[in-house]
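**Student:** Dropping the sequence and predicted coords here.
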Amino acid sequence: QQQVKQSPQSLIVQKGGISIINCAYENTAFDYFPWYQQFPGKGPALLIAIRPDVSEKKEGRFTISFNKSAKQFSLHIMDSQPGDSATYFCAAFGGSARQLTFGSGTQLTVLP
Amino acid sequence: GAVVSQHPSWVICKSGTSVKIECRSLDFQATTMFWYRQFPKQSLMLMATSNEGSKATYEQGVEKDKFLINHASLTLSTLTVTSAHPEDSSFYICSARAVLAGTQYFGPGTRLTVL
């Protein structure tokens, strides 16, 4: 019930391309869905987040698409840049535990 | 955005010694702080949740006597790894949740190496 499944595990994209990372959850009590970006040797940094009453949220080149009925959400990185190369984690918050449940992470590499 | 600091950023110690890691929320008050452990190329694993002024809640499989957590104020939590062994070597990350919002912010992490 608390799982968040993330795919793909790794992703290689050419500079200027679109990076898409997908997550699916099971617990319908989740009510907050953040994405974190983590560079090697650093802590995760909040990138963008969405609540289930919104189907899409855009901040600069980063967009979250949310499908409540399918219990899925995805991160789209437009015009991907080599500086975007990092590990991305989706997460979900809510339910009885009231703590973040993380996906397994996606290692993104953007080729110059 | 909100800032969470950790100190030290890295530490090397001998087996059997204890190591204390500090986590501070610099520009907001955090009623709840979290401690995570992360192995290379893996996701974050929650170790414990602490609320200011009360005992920490440990996740299943985490030894509370080995990983001592103190949340003394709304801006400071500490993790002490007692009698550290090489298998405790890992990347430890703290996180803080602001009082008035649900957003959770992470510290930069502490790399612990036990020789």
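**Tutor:** Nice, thanks for sending it over. These numbers were taken from a predicted model, which means no experiment stands behind them. Numbers count the residues shown, from 1 in each chain, chains lettered A, B, ... in the order given.
**Student:** Now do B:Phe34 against chain A, distance only.
**Tutor:** Using CB to the nearest CB, to the nearest Å, we find B:Phe34 at a distance of 7 Å from chain A. Placement of C-beta: from N, CA and C, glycine included.
**Student:** can you pull the contacts of that residue?
**Tutor:** B:Phe34 makes contact with A:99-100, B:46, B:48-50, B:94-97, B:104, according to CB atoms under 8 Å, 6 or more residues apart in numbering or on different chains.
**Student:** do that again at 7 Å, thanks
**Tutor:** Contacts of B:Phe34 were listed using CB atoms under 7 Å, 6 or more residues apart in numbering or on different chains, and they are A:99, B:46, B:49, B:94-95.
**Student:** again with B:Ser18
**Tutor:** For B:Ser18, counting by CB under 7 Å, 6+ apart, the contacting residues are B:80-84.
**Student:** Just the buried ones from these?
**Tutor:** Burial by neighbour count, 16 or more other CB atoms under 10 Å in any protein chain shown: within the contacts of B:Ser18 this picks out B:81, B:84.
**Student:** ok, so of the contacts of B:Ser18, who is nearest chain A?
**Tutor:** Distance to chain A, by CB to the nearest CB, is smallest for B:Val81 among the contacts of B:Ser18, at 17.8 Å.
**Student:** What is the neighbour count of the residue nearest to the closest one when sequence neighbours are not counted?
**Tutor:** Leaving aside its sequence neighbours, B:Val81 sits nearest to B:Val19 (CB to CB, 6 or more residues apart in numbering or on different chains; 4.8 Å). Neighbour count for B:Val19, taken as other CB atoms under 10 Å in any protein chain shown: 19.
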